[in-house]
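Q: this is a predicted model, with the sequence first.
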Amino acid sequence: MKRSPIQRKTPLRSASPAKRKPVKRTRQKGVSDVRFRSEAYLRFVRSLPCCVCGAPANAAHHLIGMYQASGMGLKAADSLAMPVCDGPGDTCHRRIHSEAHLRWQQPIFLIDTINTGLDAFPEGSIHDALIEARDFVLSKEGKE
């Protein structure tokens, strides 16, 4: 049995219907991060004892879950960091993330760390950022 091609009743609209123009997508410019960043201050924070257990700290834990300071891929400013011990197992760093009573004590830990930092950095940009961070935390806690 011989097969014949199917005859179209209506003509094609264009010669090449599969060709489509690519959709132009506009790129959004990245928002520059204006949060305070200081490796010197983070080194200082890591040198302090852990704010939870008092052991030597080896990590600077940034504030989480409060004041909209972090989240959705954003890290809080370095002035909102506190010293914690970190490593394998059930460490204070992991406990702050998992235990609610430690998360709610973060403002106390922060104020203690910031006050110690103000003594260590009596002037300069770090001092100014710490004053701003302390005022921010106190205003959020209603203790101005």
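A: Cool, the structure landed. Numbering: from 1, shown residues only.
Q: tell me the helices in the protein, going along the chain?
A: Residue ranges of the helices in the chain, as given by DSSP state H, are 39-47, 92-98, 100-103, 106-120, 125-141.
Q: export those to a markdown table and tack on mean pLDDT, distance to Thr10 and mean neighbour count?
A: Glycine gets a C-beta too; all of them are placed from N, C-alpha and C. Formatted as a markdown table, the helices of the chain follow (pLDDT from 0 to 100; distance: least, CB to CB, whole Å; neighbours: other CB atoms under 10 Å):
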| stretch | mean pLDDT | distance to Thr10 | mean neighbour count |
| --- | --- | --- | --- |
| helix 39-47 | 95 | 70 | 16 |
| helix 92-98 | 88 | 65 | 16 |
| helix 100-103 | 88 | 68 | 12 |
| helix 106-120 | 95 | 70 | 17 |
| helix 125-141 | 93 | 69 | 17 |
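Q: what would those look like in TSV with distance to Arg27?
A: What follows is the helices of the chain, written out as TSV (distance: least, CB to CB, whole Å):
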stretch	distance to Arg27
helix 39-47	30
helix 92-98	34
helix 100-103	37
helix 106-120	37
helix 125-141	32
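Q: show me what contacts Arg103?
A: Listed by CB atoms under 8 Å, 6 or more residues apart in numbering, the contact partners of Arg103 are 64-66, 96-97.
Q: all set, thanks.
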